[in-house]
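Participant: predicted model, plus sequence, below.
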Amino acid sequence: MKSPKTFDYILLSLLALIWSSAFFNIKIATYSYGPVMIAFLRIFFGAIPVVGLCLYKKIKIEAFSKDWYWFATIGIVNLVIPFFLIAYGVQKVQSNLAAILMATTPLSATVLAHFFADNEKINYIKVFGVLIGFSGIAFLFSDNILINENNFNSAILILIGSTFYVIGGLLTLKVSNKENENVTSSILIWATIFIFPLSIILSYFNPSGALAFTYDLHFSHRMDSTLAVIYLGTVPTGIAWLIRFKILKNNGLVFQAQVAYLIPIFGVILGYIFLKELVTAKVLVAVVAVIIGIYLVKRSDKINITSA
């Protein structure tokens, strides 16, 4: 891998900015659309640029090959479930809090990888990093101004959604010998196949409920919500993955993983700029704690330490 240059850092920052922008756009989308509809459109519009790239580069898409069940499972676990949980939770939680909660993914991955992945054993520094990171989250949950009895469960659902991302990542190791574009396209295809009929069924039995395809089949959708949900699919879900592929190819996984440090920072800033969301002292402390925790976890991978 080549040493990162200025352009590579710009590309990394752009990736972080795009992924961070998903949270306030999810919030805007919830003004008119239900969580299932948001999840469906994210997956559908996200598939378009990735599948298009495969067709352009003549990369074989193996969605219906002998490994179809892995693609289907990953699609459900890594896309459908977390996309739904995040959209459902953001209805009652500020988008900046969602960004912070989702930033715990590397911390959850550290714990789960210890048990389910080879050569990913936990050590004392990783334990310390995980404890600091989740202490920041616990401190955030003590902020009664932003998290209270009315939205506590919503915040927990977002945290659970981040864990499903980790589980999906571990499952992806089963098809890690295949090209990234092929894997992502196949996962998106199966996720679409699963969530589209599910959204229709939920709309039929509960047309105006929170789980429905839309909140109200006769509702006139706000333009900002419609633009937000289209953006969520094409940019943070589709184009961002293509940028990620380029970074991985040019600079490797370690460099790309540094995006985790920037997401909670950008998430808080964007939430404040576009939605005027409240930023309390506990939010800032939580951001710092999560970033320190992620740093220690990733730093420990470079140091040979006896496992705990």
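Facilitator: Happy to help now that I have it. Numbers count the residues shown, from 1 in each chain.
Participant: now Thr104: how far from Ile26?
Facilitator: Using CB to CB, to the nearest Å, Thr104 is found at 17 Å from Ile26. To be clear about C-beta, it is placed using only N, CA and C from the backbone, and glycine gets the same treatment.
Participant: quick one, helices of the chain?
Facilitator: 6-29, 35-56, 68-75, 81-90, 95-102, 105-116, 124-141, 152-172, 180-205, 223-232, 240-251, 253-256, 259-275, 281-300 (DSSP state H).
Participant: surely Ile76 meets Thr192?
Facilitator: No: assessed by CB atoms under 8 Å, Ile76 is found out of contact with Thr192, at 11.1 Å.
Participant: circling back to that earlier point, for Glu62, find the nearest of the helices of the chain.
Facilitator: For the helices of the chain, the distance to Glu62 is smallest for helix 180-205, at 5.7 Å, taking CB to CB.
Participant: just the buried residues of that closest one, please?
Facilitator: The neighbour-count check on helix 180-205 (16 or more other CB atoms under 10 Å) flags 180-192, 194-195, 198-199, 202-203 as buried.
Participant: what angle sits between that helix and helix 68-75?
Facilitator: Orientation check (axes from the mean of the first three to the mean of the last three CA atoms, to 10 degrees): helix 180-205 against helix 68-75 gives 70 degrees.
Participant: so which elements touch helix 180-205?
Facilitator: Contacts defined by 3 or more CB pairs under 8 Å, 6 or more residues apart in numbering; DSSP states H and E place helix 180-205 against helix 35-56, helix 68-75, helix 240-251.
Participant: rewinding a little: how about the helices of the chain in TSV, adding mean pLDDT?
Facilitator: TSV is the format used below for the helices of the chain (pLDDT from 0 to 100):
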stretch	mean pLDDT
helix 6-29	95
helix 35-56	93
helix 68-75	96
helix 81-90	95
helix 95-102	95
helix 105-116	88
helix 124-141	94
helix 152-172	93
helix 180-205	87
helix 223-232	95
helix 240-251	84
helix 253-256	76
helix 259-275	95
helix 281-300	92
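Participant: okay, the ones you listed in JSON lines with distance to Glu62 next?
Facilitator: Listed next are the helices of the chain as JSON lines, based on distance: least, CB to CB, whole Å:
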{"stretch": "helix 6-29", "distance to Glu62": "26"}
{"stretch": "helix 35-56", "distance to Glu62": "10"}
{"stretch": "helix 68-75", "distance to Glu62": "8"}
{"stretch": "helix 81-90", "distance to Glu62": "23"}
{"stretch": "helix 95-102", "distance to Glu62": "29"}
{"stretch": "helix 105-116", "distance to Glu62": "24"}
{"stretch": "helix 124-141", "distance to Glu62": "34"}
{"stretch": "helix 152-172", "distance to Glu62": "14"}
{"stretch": "helix 180-205", "distance to Glu62": "6"}
{"stretch": "helix 223-232", "distance to Glu62": "26"}
{"stretch": "helix 240-251", "distance to Glu62": "17"}
{"stretch": "helix 253-256", "distance to Glu62": "22"}
{"stretch": "helix 259-275", "distance to Glu62": "27"}
{"stretch": "helix 281-300", "distance to Glu62": "31"}
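Participant: sounds good, over and out.
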